[in-house]
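> here you go, sequence then predicted model.
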Amino acid sequence: MGTMQQTAKAATMINEAPMNRLSLSDRLKSYKRTPGSLLVMLLVVLSAVATIAALIFLILYILVNGIPYINADLFSWNYTSENCSVIPAAINTVIMAAISLLLAVPFGIGSAIYLVEYAKKGNKLVKVIRVTAETLTGIPSIVYGLFGMLFFVTALKWKFSILAGAFTLAIMILPVILRTTEEALLSVPDSYREGSFGLGAGKLRTIFKIVLPAAVPGILSGVILATGRIVGETAALIYTAGSVPRIAKNLFSSTRTLSVHMYLLSKEGLHTDQAYATAVVLLVFVVLINFASDAIAKKMSAKTEKDR
């Protein structure tokens, strides 16, 4: 009797314990009882391995083909057909990203705050906004580019300019920032808000002092995704910002970003090696942005925890 109770207790402990804390023998016993779990585990592992392998292959392919052609001429201040410098395109990319985020982030975060903190639950307008944002997220970038060309370039007579490109990109990344910020705000426990209200804080103070700081990591994740889309965008910018290979003198100057620069070099077929080198620079650029954003998110999270 005692042996049966011990066996049942051991089986219960195996079933209740997290799979990653079980020994190999306990895992095998669990898989024998539920063969479907073994199949799911194998599929998950294979998917993870395939994803990591594809990422490593892509990075190595770019590095192997691009690093040998990185030289001092590639970082010249002025672009020529001989050096194919990336410096003007890199500076334009930073300017384009800064203007686009400056336009989209306040509207995206403000809209998310309204949807989560002020709009009534079950409001039809909220549902329409959410469906619209999700729909806009899935629209191809070429459609945004055509809209930007017809409206900003032609109708407003901004011509091919960095401002027309930035406004087009701002419209493109707005749904991403809105949805990620909304989810980040929804993940903040209601006890934070209730505690703030209980201490006498108002609605606005609670949002800016309690809710937003707690949601900063999620909000920055959306900003990182938006920045990545800006840096890697090509189709929309060809129709709105143009492709002039020089640093923008003002907001109405035609220019090109790193992704457009790489696309045009590979399209011409005369500077394929420099296109690979540009891809390496673009890869490093994106990695640095991600590391910087992650460091800022950790610093702000640590500051929020310290203030509490």
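It's in. Numbering: from 1, shown residues only.
> how many other residues sit next to the closest residue in space to Val280 that isn't next to it in sequence?
By the measure of CB to CB, 6 or more residues apart in numbering, the closest residue to Val280 outside its immediate chain neighbours is Gly66, 3.7 Å from it. Heads up, the C-betas are built off the backbone N, CA and C, glycines and all. By other CB atoms under 10 Å, the residues close to Gly66 number 20.
> confidence score at Gly66?
The pLDDT attached to Gly66 in the predicted structure is 87.
> so which residues of the stretch 1-150 of the chain form strands?
Assignment of strands within the stretch 1-150 of the chain using DSSP state E, counting those that start in this stretch yields no ranges at all.
> domains in this protein, by residue range?
When the chain is parsed with automatic domain parsing, its domains come out as 2-67, 76-307.
> and those, which is most packed in?
Of all these, domain 76-307 has the most neighbours on average by mean count of other CB atoms under 10 Å, namely a mean of 18.
> so how far is Phe107 from the most centrally placed residue in the chain?
The C-alpha lying nearest the average C-alpha coordinate of the chain belongs to Leu225 (CA atoms, centre = their mean; 0.9 Å). Distance, Leu225 to Phe107, using CB to CB, to the nearest Å: 16 Å.
> Val44 now?
Counting by CB to CB, the separation of Val44 from Phe107 is 38 Å.
> do the same with Asn65
40 Å.
> what about the helices in the stretch 1-150 of the chain?
Secondary structure of the stretch 1-150 of the chain by DSSP state H, counting those that start in this stretch: the helices cover 2-16, 24-33, 35-66, 87-113, 124-137, 141-148.
> now the stretch 201-308 of the chain
203-206, 212-232, 235-240, 258-268, 272-307.
> and the third one, what does it pack against?
Contacts defined by 3 or more CB pairs under 8 Å, 6 or more residues apart in numbering; DSSP states H and E place helix 235-240 against helix 141-148, helix 162-186, helix 258-268.
> can you put the helices of the stretch 1-150 of the chain in TSV and add distance to Leu258?
Rendered in TSV, the data for those read as follows (distance: least, CB to CB, whole Å):
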stretch	distance to Leu258
helix 2-16	52
helix 24-33	47
helix 35-66	13
helix 87-113	5
helix 124-137	23
helix 141-148	16
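> and those: which comes nearest Lys299?
Relative to Lys299, the nearest member of the helices of the stretch 1-150 of the chain by CB to CB is helix 87-113, separated by 18.2 Å.
> next, the angle from the closest one to helix 258-268.
Between helix 87-113 and helix 258-268, the angle formed by their directions is 130 degrees, by axes from the mean of the first three to the mean of the last three CA atoms, to 10 degrees.
> on that earlier part again, how about the helices of the stretch 1-150 of the chain, which one is nearest Leu265?
helix 87-113 (9.9 Å).
> just the mean pLDDT for the closest one, thanks.
The average pLDDT for helix 87-113 rounds to 91.
> ok and it relative to helix 212-232, angle-wise?
Here helix 87-113 points in a direction 140 degrees away from that of helix 212-232 (the same axes, to 10 degrees).
> enumerate every residue touching Gly242.
Going by CB atoms under 8 Å, 6 or more residues apart in numbering, Gly242 touches Phe160, Ser161, Ser254, Thr255, Arg256.
> ok, now which ones touch the first one?
Right, Phe160. Under the criterion of CB under 8 Å, 6+ apart, the neighbours of Phe160 are Val153, Thr240, Ala241, Gly242, Val244, Ser254.
> find the residue closest to the last one in space, skipping its chain neighbours.
Once flanking residues are discounted, Ser254 sits nearest to Gly242: 3.4 Å by CB to CB, 6+ apart.
> ok, now how distant is that neighbour from Ala166?
13 Å.
> okay, the nearest residue to Val188 once chain neighbours are set aside and Phe208: tell me how far apart.
Closest residue to Val188 apart from its sequence neighbours, by CB to CB, 6+ apart: Ala214 at 4.7 Å. Counting by CB to CB, the gap from Ala214 to Phe208 is 11 Å.
> repeat that for Lys299.
Lys299 sits 18 Å away from Phe208, taking CB to CB as the criterion.
> just to check, the residue nearest to the centre of the chain is in contact with Thr181?
No. If you go by CB atoms under 8 Å, Leu225 and Thr181 don't touch, sitting 11.2 Å apart.
> before we move on, back to that, what is the nearest of the contacts of Phe160 to Phe75?
Closest to Phe75, out of all of these and judged by CB to CB, is Val244, at 19.1 Å.
> which ones are touching that closest one?
By CB under 8 Å, 6+ apart, Val244 lies in contact with Phe160, Ser253, Ser254, Thr255, Arg256.
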